[in-house]
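# quick one: sequence and predicted model below, then my questions.
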Amino acid sequence: MKIRYILQLEGAAIFALSLFIYTYQGGSWWLFAALILTPDLSMIGYVGGLKVGVFCYNLAHNYALPAILIATGIYLDNTLLINIAIIWFAHIGMDRMIGYGLKYSSGFKHTHLTD
């Protein structure tokens, strides 16, 4: 089995778990719909060139920042921050599930899931 498929399965699990937790939390589906594609705004970084674009895209598409956001939301007892973090996790999981990965600076379509 290719590593790519394992990573896609992992993404599907994160996506499904995020949906489950969001539902359990009683999150607003209007908020979910409004924010699910927000991390893709990071592609605007490509206007500044390939290296800037890769940096911006990868910053918005790894699990570290939503993990920090969810921890902050829990610490502050802020449901909105928690829900935004869950949506962010869902987006990243969805991307991984359908085969979009972190970008390499060699080109937009060259990702950790295409090798």
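Ah, there it is.
# contacts for the helix or strand of the chain with the lowest mean pLDDT, please.
Every helix and strand of the chain was ranked by mean pLDDT, DSSP states H and E. The lowest is strand 107-111, at a mean of 72. Residues from elsewhere that reach strand 107-111, judged by C-beta atoms under 8 Å, 6 or more residues apart in numbering: 46, 50, 53, 100, 101, 102, 103, 104. All C-beta atoms are positioned from the backbone trio N, CA, C, and that covers glycine.
# partners of that strand, with directions?
Strand 107-111 sits in its sheet next to strand 103-104 (antiparallel), going by DSSP bridges.
# quick one: the strand it pairs with to chain centroid distance?
15 Å (C-alpha atoms, centre = their mean, to the nearest Å).
# got a list of contacts for it?
Contacting residues not belonging to strand 103-104 are listed as 53, 54, 57, 58, 110, 111, 112 [C-beta under 8 Å, 6+ apart].
# buried sites along the biggest helix by length in the chain?
Ranked by residue count under DSSP state H, the longest helix found in the chain is helix 3-25. Neighbour counts using 16 or more other C-beta atoms under 10 Å place 4, 7, 8, 11, 14, 15, 18, 19, 21, 22 of helix 3-25 among the buried residues.
# dump those to TSV, plus pLDDT and distance to residue 68.
Conversion of these to TSV gives the following (pLDDT from 0 to 100; distance: C-beta to C-beta, whole Å):
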residue	pLDDT	distance to residue 68
4	88	27
7	92	22
8	95	25
11	97	20
14	98	16
15	99	20
18	99	16
19	99	21
21	98	17
22	98	18
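# could the residues you listed go into TSV alongside distance to residue 28?
Shown next, in TSV, are the buried residues of helix 3-25 (distance: C-beta to C-beta, whole Å):
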residue	distance to residue 28
4	34
7	30
8	28
11	24
14	21
15	18
18	15
19	14
21	14
22	9
